[in-house]
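Peer 1: quick check, what structure comes out for this input:
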Amino acid sequence: MDILQVFCDASGSGMGFWYPSLNLGFQSNLPEHPLMKDIFIFFYKALCIASAIHDAVTHLPKNG
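Peer 2: A predicted model of the protein is given here:
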C-alpha cells in the first residue's frame with residue numbers, strides 16, 4: 001500500500017501544502033484585504049486541505 005503524506009496549513013497571510021517524500025510544496029498568499037479575515041481562516045484551512053487532496057491524486061500510482 002502506497003501512502004502519500006502531505007502537510008498543509010493556512011494562516012492570516014497565506015496557505016500551503018508540502019509533500020516531504022517528494023520535497024515538493026505549494027503556497028499561495030491570501031487576498032490583501034479579505035472581509036472578516038479572522039472568521040474566514042477556517043475556510044482557508046479547509047480550502048488548503050481540499051487543494052492538497054485534489055493535487056495528491058495526481059501523484060498516486062495509476063494502477064490503483
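
Peer 1: hang on, residue 26 in a strand?
Peer 2: Yes - applying DSSP: H, G, I helix; E, B strand; the rest coil, one finds residue 26 inside a strand.

Peer 1: which residue is nearest the centroid of this protein?
Peer 2: In the chain, the residue lying closest to the centroid (C-alpha atoms, centre = their mean) is residue 48, at 3.4 Å.

Peer 1: can you pull the contacts of that residue?
Peer 2: By C-beta atoms under 8 Å, 6 or more residues apart in numbering, the contact set of residue 48 is 8, 9, 10, 15, 16, 17. Glycine gets a C-beta too; all of them are placed from N, C-alpha and C.

Peer 1: export those residues to CSV and tack on pLDDT?
Peer 2: Listed next are the contacts of residue 48 as CSV, based on pLDDT from 0 to 100:
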residue, pLDDT
8, 95
9, 94
10, 91
15, 93
16, 96
17, 97
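
Peer 1: which element is the residue nearest to the centre of the chain on?
Peer 2: helix 37-56 (DSSP states H and E).

Peer 1: CA atoms only for that helix, dumped as CSV, please.
Peer 2: Taking Å, rounded to 0.1, in the frame of the first residue of the first chain, the C-alpha atoms of helix 37-56 are listed here in CSV:
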residue,chain,number,x,y,z
LYS,A,37,-10.1,37.5,7.8
ASP,A,38,-10.3,36.0,11.3
ILE,A,39,-13.6,34.3,10.6
PHE,A,40,-12.6,33.0,7.2
ILE,A,41,-9.4,31.3,8.5
PHE,A,42,-11.5,28.1,8.8
PHE,A,43,-12.5,28.5,5.1
TYR,A,44,-8.8,28.9,4.1
LYS,A,45,-7.7,25.9,6.2
ALA,A,46,-10.5,23.8,4.5
LEU,A,47,-9.5,25.2,1.1
CYS,A,48,-5.9,24.2,1.7
ILE,A,49,-6.9,20.6,2.7
ALA,A,50,-9.2,20.3,-0.3
SER,A,51,-6.4,21.6,-2.6
ALA,A,52,-3.9,19.2,-1.2
ILE,A,53,-6.3,16.2,-1.7
HIS,A,54,-7.1,17.4,-5.2
ASP,A,55,-3.3,17.6,-6.0
ALA,A,56,-2.4,14.4,-4.3
